[in-house]
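Q: give me the fold of what follows.
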Amino acid sequence: MDYLRTLGSAAVSTLVQKSGLNLPFSLGNKVTTIDTIYTLYEATKRDDGSPVSVFEYDFNDPSKRNTKPLALNALKKLRTTRHPDVLKFMEAVESDTTIYIMTERIRPLRAVLPSWRSKTVQEREDWLLWGLHRISIALTFLNDPCTSTHGNIGTNAVFISPSGEWKLGGFEVLSNPKDESAVLYNMGGLLPGIMTSAPPEVKKGGWSSLKSLDVAAADGYALGLLLHAVFNPDHPPPGTAEPPHPPPSASSRGAIPVPIFPLFKKLLNPNPAARVSAKHFLEVGMTESGFFSTNRLVKVCVGLDNFAISNDGEKATFLRTLSDSATSFPSEFASHRLLPSLLSALEFGGASAAAIVPLVLQFGKDVTPEDYSTVILAPLVKLYASPDRGTRMALLDHLATYIDKLDKKIVSDKIFPHLQTGFSDTVALIREATVKSMTHFAPKLSDRLLNNDLLRLLAKMQMDPEPSIRTNTCILLGRLGPTLGYNTKRKVLVPAFSRALKDTFVHARVAGLMAFMATIECFETEELATKVIPFRDQGFKALDLFIKKLEAHAQTMPETALNEPSLPEMNTSSPATLVNSAAGAAGTLAGWAISSLGKKLAAADMQSTIASSSTPMPPGGLPSPAINGLSLSEQSRSASPAAQPKLPASKSKAMQLGVKSPGLPPHGLADDLADEIAANEAANPWGTDDLIDVNADEDDWSAFETAPISTPTVQSPTLSTTTKLASLPTSRPASKSPVPQVKIVHATFPGSFDTPISTPSSSRTPEPSWGNEGDWDAPAPAASVESARKTAGSPSTPMSKEEKAAEMARRKEERRQRIALLKEQKKSAGK
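A: Purely as a prediction, here's the structure:
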């Protein structure tokens, strides 16, 4: 059968080409029709390939030659009548023997009705009422503003669009009684099948009798017959259609809904003066409890039509209704009616995109793979340029739904440039969501973005004040490790994971250990021996001794620890059990993530825009690491060695077994203190964190191994006398000059080396650089009190700026007094 259809359309195309007509479409399969003067074809528009339908009126057939005025009337009325519920005219081609009318792609209602028999009773009733609602609106438009009579209402005059909407066509006899060329009153009987929908007055007095009646009378009667035909397709026409036109009985109602049946009887009233019109039928159905206003499909269409003029509350209620009943809509209605309207709202800002994006993805499931990229992905990709936080969160929350359909070029060129603003946003939830999204985006990034730009951003994320963000950054690095370039692995992984091991947050430290285990294949033996565990035989013995002591202490500890409400919670896939292999660590790490932040943005943040600030920390928190007041991106512009700030050389040397420290020239305590004060005044208190040169393509990550050693975070003991200072080891020869026992009182910092480690506040920021973990800190010289303070770390409670300034001033004053006293004593001893 399909072969015959194709053969027929090919023959038509051949005849058209021979006739010299230049058609704007390519004819396809023929669509079956009954009792019509046209032939309906599926076709394709030539200029863009879009699907269309073509009505062909061929007058070469002698039986149809006298219907040419009807075809010309159909073309004229369809071309000049524009309404959403009327068949959309696109183009026409005329010749002496043929008329082609191109419209939107449609199917006849008569061919579609059988497919709805398999639906549930409620689904079928909802769809039929929705269709009758659209036809009633179209008829009201024709009867009232246009003052015309359609004259041919029936299943042949109704067509179904791809969205399932009913469209009114069949304009062959559409006429205005005031028009001298009206064909209905003179030639109405020439249309095949028209008498099946003719009212009693026409059967009695002919079509010319309608000229003196209300233009809506004949269409109202035909609407009643259409209602009976769609609800009871297997039943014969109602008895009132034949003389003596008795009113329909209750037993003849069939599947017609009870609320409609009284109006159905009024539509079939044989007296045209007492007969209700399509307008009255529509008004009754649209009352507050009417059969149209309570129909879910009608309510959705009304909401979509009025969406642009609705207030925010009405929009939110409407979108919530769509979300709650999304699965109950017919697939064609969701794909071709709902989806285009929602995408239009996204593009033109009709409502909050955060609420629309999930609906777009849900209704887009039925879109064909060929159309998905243009229909769904293109609008979503544009949304990444939006600074709205709610939109960004919606895109990232549902990333797993559409990430597989994005190609690398789109992600690298159109998404990542906008996505990276989320790393520096002032709202922590946006930063955390951006870090987590990199698990999906990373495989689709170019090598340069993955090994350069992304890692620079993750270096900043390891200094975030939110512990969950630092932890998730380490987890992400553990997942990305095997995919990084060879040189990048060597320069990045060890410093990054070592930093996590020093984090004040327990889960960040666990993440560092798990990441080391999961990426063990990324490290060469030399790196393991010099960077990860930098000692050999004697070191292993010492390590075994320490581990045994810790294991013995662990036996005395309780099985579980109390959870502090202020700390982040682990998700259900957290590594609650011990992992004993690299494969186990990799598997556990792949499903592990933590979050201390809310799942939703606050109302104020939802309406705010993403701030592209280089200091992403919230008010009251620590600022983003910077060098001399410049952000990381600003510092990278001047990456030459001369432009980089010089740090004082560290006085702590790596401990090496069997190696003696070289002798140093004699040096006085006063000189030591003077040098230390000058160095502290010249150095930036934040240190340097400009780890890479963003403008250089080579050796971008060399600074990861040359950055200053990060000072371990430990508690400082209370130093109150010089007797305690004298007990510290030193590699510098003692001064020959006697040092008087001067008692110096210092401020006592909370905690000591003897106190147990407790989980610090989550607002603590770790060190601002991925340092070289190949060196180990040695004890500070006994001659320097401040060196002892430096190796001891900082207090667990962060100090305010005023407190820091006061503390620095006090220390400088103490040093100045000590230097003056020592110099005075030296002079006295020389005399």
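Q: buried set for the lengthiest helix in the chain?
A: Using DSSP state H, we find that the single longest helix of the chain is helix 801-830. For helix 801-830, burial by neighbour count (16 or more other C-beta atoms under 10 Å) applies to 811, 814, 815, 818, 819, 822, 825. Glycine gets a C-beta too; all of them are placed from N, C-alpha and C.
Q: give me the packing partners of it, helices and strands only.
A: Contacts defined by 3 or more C-beta pairs under 8 Å, 6 or more residues apart in numbering; DSSP states H and E place helix 801-830 against helix 669-682.
Q: could you pull up phi and psi at the closest residue to residue 259 other than its chain neighbours?
A: Residue nearest to residue 259 in three dimensions, not counting chain neighbours: residue 291, with 4.6 Å by C-beta to C-beta, 6 or more residues apart in numbering. Here the main-chain torsion angles of residue 291 (degrees, to the nearest 10) amount to phi -70, psi -20.
Q: please tell me how far residue 291 sits from residue 126.
A: Here the distance between residue 291 and residue 126 works out to 11 Å (C-beta to C-beta, to the nearest Å).
Q: for the stretch 101-250 of the chain, what spans make up the strands?
A: Remark: strands assigned in the stretch 101-250 of the chain by DSSP state E, counting those that start in this stretch are 107-108, 158-160, 166-168.
Q: output those in TSV; the columns should cover distance to residue 238.
A: Converted to TSV, these look like this (distance: least, C-beta to C-beta, whole Å):
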stretch	distance to residue 238
strand 107-108	23
strand 158-160	19
strand 166-168	21
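Q: residue ranges with poor pLDDT in the stretch 1-150 of the chain?
A: Applying pLDDT under 70 to the stretch 1-150 of the chain flags residues 1-21.
Q: count of neighbours near residue 520?
A: The tally of other residues near residue 520 (other C-beta atoms under 10 Å) stands at 16.
Q: that one and residue 331, how far apart?
A: 50 Å.
Q: likewise residue 55?
A: Distance, residue 55 to residue 331, by C-beta to C-beta: 27 Å.
Q: neighbour count for these two, which is higher?
A: Neighbour count, other C-beta under 10 Å: between residue 55 and residue 331, residue 55 has more, with 24 against 11.
Q: pull out the buried positions in the helix or strand that contains that one.
A: Counting by DSSP states H and E, the element that carries residue 55 is strand 51-58. Buried residues in strand 51-58, counted by 16+ other C-beta under 10 Å: 52, 53, 54, 55, 56, 57, 58.
Q: show me what it is packed up against.
A: strand 25-31, strand 39-45, helix 68-80, strand 98-104.
Q: restricting to C-alpha, output it in PDB.
A: Output in PDB follows, covering the C-alpha atoms of strand 51-58 (Å, rounded to 0.1, in the frame of the first residue of the first chain):
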ATOM      1  CA  PRO A  51       6.900  19.100   7.200                       C
ATOM      2  CA  VAL A  52       3.800  20.600   5.700                       C
ATOM      3  CA  SER A  53       0.500  19.400   4.200                       C
ATOM      4  CA  VAL A  54      -0.800  20.100   0.700                       C
ATOM      5  CA  PHE A  55      -4.400  20.200  -0.500                       C
ATOM      6  CA  GLU A  56      -4.700  19.400  -4.200                       C
ATOM      7  CA  TYR A  57      -7.800  20.500  -6.100                       C
ATOM      8  CA  ASP A  58      -7.600  18.800  -9.500                       C
END
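Q: tell me where the model's unsure across the stretch 351-500 of the chain.
A: Applying pLDDT under 70 to the stretch 351-500 of the chain flags residues 351.
Q: quick one: the helices in it, in order.
A: Along the stretch 351-500 of the chain, the stretches classed as helices by DSSP state H, counting those that start in this stretch are 353-363, 369-372, 378-383, 389-397, 399-402, 408-410, 416-419, 428-441, 447-448, 454-461, 467-480, 486-501.
Q: closest one to residue 513 among the ones you listed?
A: Judged by C-beta to C-beta, the one of those that comes nearest to residue 513 is helix 486-501, at 6.9 Å.
Q: and the next element down the chain from that closest one?
A: Following helix 486-501 in sequence order, the next helix or strand is helix 506-518 (DSSP H and E).
Q: helices or strands next to that following helix in the packing?
A: helix 467-480, helix 486-501, helix 582-590.
Q: okay, those, which one's buried deepest?
A: Greatest average neighbour count among the helices and strands packed on helix 506-518 goes to helix 467-480 (a mean of 27), per mean count of other C-beta atoms under 10 Å.
Q: what's that one packed up against?
A: Judged by 3+ C-beta pairs under 8 Å, 6+ apart, the packing partners of helix 467-480 are helix 428-441, helix 454-461, helix 486-501, helix 506-518, helix 582-590, strand 594-595.
Q: now distance to residue 238 too, for those, in JSON lines please.
A: Output for those, formatted as JSON lines (distance: least, C-beta to C-beta, whole Å):
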{"stretch": "helix 428-441", "distance to residue 238": "61"}
{"stretch": "helix 454-461", "distance to residue 238": "72"}
{"stretch": "helix 486-501", "distance to residue 238": "80"}
{"stretch": "helix 506-518", "distance to residue 238": "75"}
{"stretch": "helix 582-590", "distance to residue 238": "68"}
{"stretch": "strand 594-595", "distance to residue 238": "65"}
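Q: closest one to residue 107 among these?
A: Across these, the minimum distance to residue 107, taken as C-beta to C-beta, is reached by helix 428-441, at 40.2 Å.
Q: and that closest one with helix 389-397, angle?
A: Using axes from the mean of the first three to the mean of the last three C-alpha atoms, to 10 degrees, the direction of helix 428-441 lies 30 degrees away from that of helix 389-397.
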